[in-house]
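**Student:** Prediction below, plus the sequence it came from.
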2 protein chains.
Amino acid sequence: MAQESPTFSPLYRQIRGLLTQALQSGEWRPGEAIPSETELAQRFNVSQGTVRKAIDEMAADNLLVRKQGKGTFVATHHDPRAFFRFLRLAPINGTIETSQSVPLECWRARAGQEVARTLDVEVGSQIIIVRRLLKFAGKPVVIDEIYLRGDLFPGLNLDVLKEQQGSLYSFFETRFGVRMVRAEERLRAVAADRQSADYLEVQEGSPLLSVERVAYTYDDKPVEWRRGLCSTADHYYLNNLN
Amino acid sequence: MAQESPTFSPLYRQIRGLLTQALQSGEWRPGEAIPSETELAQRFNVSQGTVRKAIDEMAADNLLVRKQGKGTFVATHHDPRAFFRFLRLAPINGTIETSQSVPLECWRARAGQEVARTLDVEVGSQIIIVRRLLKFAGKPVVIDEIYLRGDLFPGLNLDVLKEQQGSLYSFFETRFGVRMVRAEERLRAVAADRQSADYLEVQEGSPLLSVERVAYTYDDKPVEWRRGLCSTADHYYLNNLN
DNA sequence: GAGTGGTCTAGACCACTGC
DNA sequence: CAGTGGTCTAGACCACTCG
């Protein structure tokens, strides 16, 4: 029912669109259960199998999480298993370490050309810049500079950031209703500048891993641009190629 | 039919196992079409939908490639689209560049403890070590040191390597019937040693991206261990986080 | 037109959770 | 026990490719 001709989109893909829209509108919040497959099938007037296929895709993209016998849930950054989805750093020797995010600075500014293009906003619109230090087992490992769309994070400042527990994305999710869904990272090796070297307690000029990231929300629009400098003396960046 | 009780494995997963086994045995070679879904369903005495689900999973893992109207094919590294699945380097400014693999050295040795553990072979068994330079648009970008299981690459030497066209994995696939299926990479930033600096035409001590990789075949056994040092002056390593 | 994969449906039954 | 997701089946029809 309702199938277009030029760009053919199967029913389950349309259902996915409707579900994504509902997620975006906040009808079901991160961590909550969405209605059962049979309920959704009735609501959209399709068979249960079609809803199922839509949910399958969204679960594969980490938008939803299925739990047999319990239901299907909106994915959340609070889930400890989701923590390392966006933080691919692991200690070279040894086990899991506790991590701590230390906010250093937070101020508002106007978007220059490059930031405006990356975040898909007008040049001159308000952005927020955050600098923070990430510690593993008490030792500084990453220094981040983060650019955010100002309109999406009203009231964000250094004091608010200090309330943060858990990951930054988990914090954005509950505090501002902004959920990061996917990201693109560009990695390079660079020499430590003076300031970063001081923060990371390494020598100026020593090699650091530069991780540049653009993160997107549901509607595939960029929300965050960040650049992290990682000391890889005791940690490496893990990646699986399938 | 035939469902175990302790570790329950659904039928389609068992079918996947049988298909993987057939791939591993070389019944269908990379690039070839496998039998149609209905044929496979008859062969395994299951419904077409069950075969379909098995193939779906394997296509998601890049073991098979579906082509509507034509059939399902064994994935191959010859496919230009598969080229950047294991080579995540892209030029910082500009378009696609031609790449060239220049073999430098190739010799046989006995596996030490670390290599033996990584490649899951006995200490002292034969391994092959390859050094090669990777050029983009004529300029050196990566210097690789590659450790291979000697038993899987009989007759491999520098002369043979010079016949290589396309990617190294594509070469291994046709020449030795060894197909890399997935890999794990560990990235760090390091300072260039004298020799690497010379090859990459950078200054000694300048920051390089170290990419350590273990690659696996169908049976999930490690086949290759390699370490690449990348000059990220004009290229970055691209990664998508979903 | 014949053959392939892709979609959609409907129904039966299994596995897991929680009351 | 009822309710959820997970599996398996069978059949109808659509979209694409190729001769």
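**Tutor:** Sure thing, it's come through.
**Student:** Can you tell me how far A:G71 is from B:A90?
**Tutor:** Per Cβ to Cβ, to the nearest Å, A:G71 is found 41 Å from B:A90. Every C-beta, even on glycine, is put in place using the N, C-alpha and C of the backbone.
**Student:** What average pLDDT does the longest helix that chain A contains get?
**Tutor:** Looking across chain A with DSSP state H, the single longest helix is helix A:11-25. Helix A:11-25 shows a mean pLDDT of 97.
**Student:** Run through who's touching the following helix or strand past it.
**Tutor:** Where DSSP states H and E defines the elements, the next helix or strand beyond helix A:11-25 is strand A:33-34. Residues from elsewhere that reach strand A:33-34, judged by Cβ atoms under 8 Å, 6 or more residues apart in numbering or on different chains: A:19, A:22, A:28, A:40, A:64, A:70-74.
**Student:** and the helix or strand just after strand A:33-34, anywhere near DNA strand C?
**Tutor:** Sequence-wise, the next helix or strand downstream of strand A:33-34 (DSSP H and E) is helix A:37-44. No. Figure legend: helix A:37-44 not in contact with DNA strand C (Cβ under 7 Å from any atom of the strand); closest approach 7.5 Å.
**Student:** touching DNA strand D at all, helix A:37-44?
**Tutor:** Yes. Legend: contact between helix A:37-44 and DNA strand D by Cβ under 7 Å from any atom of the strand is shown at A:37-39.
**Student:** Out of those residues, which comes closest to B:V51?
**Tutor:** Nearest to B:V51 among the residues of helix A:37-44 next to DNA strand D: A:E37, at 23.4 Å, using Cβ to Cβ.
**Student:** That closest one and A:V46 touch, don't they?
**Tutor:** No. Assessed by Cβ atoms under 8 Å, A:E37 is found out of contact with A:V46, at 10.5 Å.
**Student:** How about the residues of chain A by DNA strand C?
**Tutor:** A:1, A:3, A:10-13, A:46-50, A:53, A:67-70.
**Student:** same thing but 10 Å
**Tutor:** Residues of chain A lying close to DNA strand C (Cβ under 10 Å from any atom of the strand) are A:1-3, A:8-16, A:41, A:44-54, A:57, A:67-71.
**Student:** just the buried members of those?
**Tutor:** Among those, those classed as buried by 16 or more other Cβ atoms under 10 Å in any protein chain shown are A:11-12, A:14-16, A:41, A:44, A:46, A:50-54, A:57.
**Student:** The residues you listed into CSV, with extra columns for distance to chain B?
**Tutor:** Output for those, formatted as CSV (distance: Cβ to the nearest Cβ, whole Å):
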residue, distance to chain B
A:L11, 17
A:Y12, 13
A:Q14, 19
A:I15, 18
A:R16, 15
A:A41, 18
A:F44, 22
A:V46, 18
A:T50, 14
A:V51, 17
A:R52, 12
A:K53, 10
A:A54, 15
A:E57, 11
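**Student:** out of those, who's nearest DNA strand D?
**Tutor:** A:R52 (6.4 Å; Cβ to the nearest atom of the strand).
**Student:** would that closest one count as being in a helix?
**Tutor:** Yes. Under DSSP: H, G, I helix; E, B strand; the rest coil, A:R52 falls within a helix.
**Student:** Excluding residues flanking it in the chain, which one is nearest the spatially most central residue of chain A?
**Tutor:** Taking Cα atoms, centre = their mean, the centroid of chain A lies closest to A:M180, which sits 3.4 Å from it. Sequence neighbours aside, A:A215 is the residue nearest to A:M180 in space, at 4.5 Å (criterion: Cβ to Cβ, 6 or more residues apart in numbering or on different chains).
**Student:** which residues touch the one you found?
**Tutor:** So A:A215 contacts A:86, A:169, A:180, A:182-183, A:222-226 (Cβ under 8 Å, 6+ apart).
**Student:** So which bits of chain A are right by chain B?
**Tutor:** A:60-62, A:85-86, A:88, A:182-191, A:206-210, A:212-213, A:230, A:232, A:236-242 (Cβ under 8 Å from any Cβ of the partner chain).
**Student:** Buried only: go through those for me.
**Tutor:** A:85-86, A:88, A:182-183, A:185-191, A:206-210, A:213, A:230, A:232, A:236-237, A:239, A:241.
**Student:** What ranges does chain A have for its helices?
**Tutor:** Counting by DSSP H, the helices of chain A are A:11-25, A:37-44, A:48-60, A:113-119, A:158-162, A:168-176, A:194-200.
**Student:** Deepest in the core, which of those is it.
**Tutor:** helix A:168-176 (a mean of 20; mean count of other Cβ atoms under 10 Å in any protein chain shown).
**Student:** Summarise which helices and strands that helix is packed against.
**Tutor:** Contact partners of helix A:168-176 among helices and strands, from 3 or more Cβ pairs under 8 Å, 6 or more residues apart in numbering or on different chains; DSSP states H and E: none.
**Student:** Pull up the gap between the residue lying closest to A:N239 once chain neighbours are set aside and A:E224, please.
**Tutor:** Of all residues not flanking A:N239 in the chain, B:E185 sits nearest, at 4.5 Å (Cβ to Cβ, 6+ apart). Taking Cβ to Cβ as the measure, B:E185 falls 24 Å from A:E224.
**Student:** which residues does A:S206 contact?
**Tutor:** By Cβ under 8 Å, 6+ apart, the neighbours of A:S206 are A:191-192, A:197, B:191.
**Student:** What ranges in chain A fall below the confidence cut-off?
**Tutor:** A:1-6 (pLDDT under 70).
**Student:** Now A:T217. Nearest residue, chain neighbours left out?
**Tutor:** With Cβ to Cβ, 6+ apart, the residue lying closest to A:T217 is A:V223, at 5.2 Å.
**Student:** how many neighbours does that neighbour have?
**Tutor:** The number of residues packed near A:V223 is 23, by other Cβ atoms under 10 Å in any protein chain shown.
**Student:** contacting residues for A:R131?
**Tutor:** A:103-106, A:143-146.
**Student:** and with 6 Å instead?
**Tutor:** A:104-105, A:145 (Cβ atoms under 6 Å, 6 or more residues apart in numbering or on different chains).
**Student:** Most neighbours among those residues, which one?
**Tutor:** Neighbour-wise, the contacts of A:R131 (other Cβ under 10 Å) top out at A:E145, 16 neighbours.
**Student:** residue contacts, that residue?
**Tutor:** By Cβ under 6 Å, 6+ apart, the neighbours of A:E145 are A:131, A:227.
**Student:** Many thanks, have a good one.
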